[in-house]
Structure formats: C-alpha cells, structure tokens
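K.L.:
Just a sequence and a predicted model for now, questions to come.
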Amino acid sequence: MNAKVTMVIRILLGVFMLTFGLNKFLHFIPFETPQGDMGTLMGVLGGSPFFTVIGVIEVVGGALLILGKYVPLAITFLTAVLFNATLFHLFFEPANVMGALVGLVLCLVLVYAYKDRFKELFSA
C-alpha cells in the first residue's frame, strides 16, 4: 500500500479516535440519551469506570497513530474497541452504526497496510 495513503489513513483515524476519546472526558460533542435497551445499557456502563478505560485507550491510541509511534500496538487496541463499538451499535442502535463502522474499516485497512507486523497473528 502507498506510504502516503497509509499515513493519511493513520492520521485520520488517530484524529477520529483522539476526538471521541477526549469527548468522554470533556463532553464537547453533545449526545442524546438513547432510548430502550441501549439507554439502559448506557446508564449501567456510564455509572462504572468502563467509559473512562475506553476513553483512555482511545486517547492514547489516537495520539500514537498521529505521532506514528507504536502503530501496530495502537491498531491492535483500537481495532478491538471499534469492533465492540460496531457490534454495540449494530445490535442496540443500528441507525448510528456508521461512525463505528467507518472507524473499524479504517483500522482494518491499517492492519492490511502493516500486515508484515501482524503476520505472526495470522499464521496457523
């Protein structure tokens, strides 16, 4: 994959994750409280340290991607977070799944771009 394209995707995903990670602490992007099962689940998780841990992973992972340091490690953590976010939205709030899905696709593109660093994970 072209190095410049990889760099743009890496920085784009880094800014995306840094923004949404910081939002968990600073609340600068307003979100409506979801209804139904999603609202109940968000209420339970919101009262625990769960979102704080996810926010820290997103901020650190996003910063590492922007800086270009420990990129495979950042991709590993962020892919797990975005995979879970995608499933979470898909099952509980399908109308808002697109952001998580785009982030997950960007992560998977980076996994492919850094496939030489992940080859041991994909060997039998």
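P.N.:
Noted; the coordinates are in hand. Numbers count the residues shown, from 1 in each chain.
K.L.:
drop to CA atoms for contacts and neighbour counts, all remaining ones
P.N.:
OK.
K.L.:
And residue 31, how far from residue 57?
P.N.:
Residue 31 sits 20 Å away from residue 57 when distances are taken as C-alpha to C-alpha, to the nearest Å.
K.L.:
who's more crowded, those two?
P.N.:
Neighbour count, other C-alpha atoms under 10 Å: between residue 31 and residue 57, residue 57 has more, with 19 against 7.
K.L.:
The more buried one touches residue 79, doesn't it?
P.N.:
No: using C-alpha atoms under 8 Å, residue 57 is not in contact with residue 79, being 10.9 Å away.
K.L.:
Run the chain-centre distance for stretch 105-119.
P.N.:
The chain centroid and the centroid of stretch 105-119 are separated by 14 Å under C-alpha atoms, centre = their mean, to the nearest Å.
K.L.:
actually stretch 7-16, sorry about that
P.N.:
With C-alpha atoms, centre = their mean, you get 11 Å for stretch 7-16.
K.L.:
got the CA positions of it in CSV?
P.N.:
Extracted C-alpha coordinates of stretch 7-16, given in CSV (Å, rounded to 0.1, in the frame of the first residue of the first chain):
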residue,chain,number,x,y,z
MET,A,7,-0.1,8.0,6.6
VAL,A,8,-3.3,9.9,5.7
ILE,A,9,-5.5,7.0,6.9
ARG,A,10,-3.4,6.6,10.1
ILE,A,11,-3.6,10.3,11.0
LEU,A,12,-7.3,10.5,10.1
LEU,A,13,-8.1,7.5,12.3
GLY,A,14,-5.8,9.0,15.0
VAL,A,15,-7.7,12.3,15.0
PHE,A,16,-11.1,10.4,14.9
